[in-house]
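**Student:** pasting the sequence and the predicted model now:
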Amino acid sequence: MINRVLIRAKVVQMLYAYMVSKDAMTLTTAKKELTKSLDKSYELYNALLKLMIELTDVQDLRLDEAKHKFLPTEEDLNPNMRFVENEFVKRLRADQTLADFVDDKKINWRDDELFVRLLLDKILRSEEYQEYMEMPKTSLVRDGEVWYQLMKKVVLPDENLLEHLQSMSVYYTDDDLQIIGQFVMKTIRRFEDEEAQPILPQYKNDDDSKFGEQLFSKAVAEMEENNSYIDQFVKTEKWDVERIALMDRVVMCTALTEIRNYPSIPVNVSLNEYIELAKDYSTPRSGQFVNGILNAVVNKLRADKVIIK
């Protein structure tokens, strides 16, 4: 589930932190932090799945409380139960893989009652909810679809969600939410197939599970050599070597490490991924600068037969 786009971002972040605080952080500590950061991304995936159950439970509690108020209305006594009896959420709740994980990691939203209630209020006001509740009949597919749309249009874009998540863990970042949110929505679709295991594993395969730590370790080991390649072309282009942003160096060194050590990954894929990271994490001009230097270095490495892809 944790894909290489997110892994690359985590490696770049950790390599930057390691370079900034070399005196205070050992290589072993940095590797452990990287692993923990990736593990937290998977916890976020499960927490967002659990959030749909929590939102349903809060609405169920509200409907029950309304039945027992002093002067209940007809609507209070006979509410529309479609949302709280949503078949997709029932299956999500019954999934043993999810239940075991959230129990082991003690993931819950009970300490966040106010946030959950405010988010539920937004859901109840949404067009997606209103249309769903007015449908003449529903099905597993429709029950899943309403949550797909609610996550896409109400929950994940909520301006308070990221802030709230970051109060739960410093490891939850905007990158995590953007990428993990897409996998949560993919998981909702997977519940339509009764034969599939809907909950995604932390990694697609063994190669992906090792990719982050291996890339980080190689990037540290090859930092001096990759910097020498970079400086060679920085000087050629008449840039001031001393004024290159550290993040630009980190991004380029990580990119070159990947290009040199992972022949199965097309060069253009690596280049495009790291150019985007430079745009996101460094200066406004970093994308163009990193693009130019990396392409020059790659051409040099190909000419010298250092890489043959």
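**Tutor:** That came through, no problem. Residues are numbered from 1 along each chain as shown.
**Student:** in contact with the residue nearest the centre of the chain, which residues?
**Tutor:** By C-alpha atoms, centre = their mean, the chain has its centre lying nearest to D176, at 2.7 Å. Counting by C-beta atoms under 8 Å, 6 or more residues apart in numbering, D176 touches L6, K40, S41, L44. Using the backbone N, CA and C atoms, a C-beta is placed for each residue, glycine as well.
**Student:** from the residues you listed, list the buried ones, please.
**Tutor:** The neighbour-count criterion (16 or more other C-beta atoms under 10 Å) marks L6, K40, S41, L44 among the contacts of D176 as buried.
**Student:** got the buried residues for the lowest-mean-pLDDT helix or strand in the chain?
**Tutor:** Lowest by mean pLDDT, DSSP states H and E among the helices and strands of the chain is helix 74-77, with a mean of 85. Using 16+ other C-beta under 10 Å as the test for burial, helix 74-77 gives no buried residues.
**Student:** and the helix or strand following that helix, what's buried?
**Tutor:** Downstream of helix 74-77, the first helix or strand assigned by DSSP states H and E is helix 87-94. Buried residues in helix 87-94, counted by 16+ other C-beta under 10 Å: E87, F88, V89, R91, L92.
**Student:** just the closest of those residues to L61, please.
**Tutor:** For the buried residues of helix 87-94, the minimum distance to L61 (C-beta to C-beta) is 14.4 Å, reached by V89.
**Student:** tell me the phi and psi of the residue of the chain positioned farthest from its centre?
**Tutor:** Taking C-alpha atoms, centre = their mean, the residue of the chain most remote from its mean C-alpha position is L71, at 46.3 Å. Per-residue torsions, L71: phi -130, psi 80 (degrees, to the nearest 10).
**Student:** can you redo the buried residues of helix 87-94 as TSV with pLDDT?
**Tutor:** TSV is the format used below for the buried residues of helix 87-94 (pLDDT from 0 to 100):
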residue	pLDDT
E87	96
F88	97
V89	98
R91	96
L92	97
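**Student:** which one of these is nearest to E75?
**Tutor:** V89 (22.1 Å).
**Student:** can you map out the helices along the stretch 201-309 of the chain?
**Tutor:** 206-221, 223-236, 246-261, 267-281, 286-303 (DSSP state H, counting those that start in this stretch).
**Student:** ok, of these, where does mean pLDDT dip lowest?
**Tutor:** For the helices of the stretch 201-309 of the chain, the weakest mean pLDDT is recorded on helix 223-236, namely a mean of 89.
**Student:** show me what that helix is packed up against.
**Tutor:** Counting contacts by 3 or more C-beta pairs under 8 Å, 6 or more residues apart in numbering; DSSP states H and E, helix 223-236 packs against helix 246-261, helix 286-303.
**Student:** please identify the most buried of these.
**Tutor:** Of all these, helix 246-261 has the most neighbours on average by mean count of other C-beta atoms under 10 Å, namely a mean of 23.
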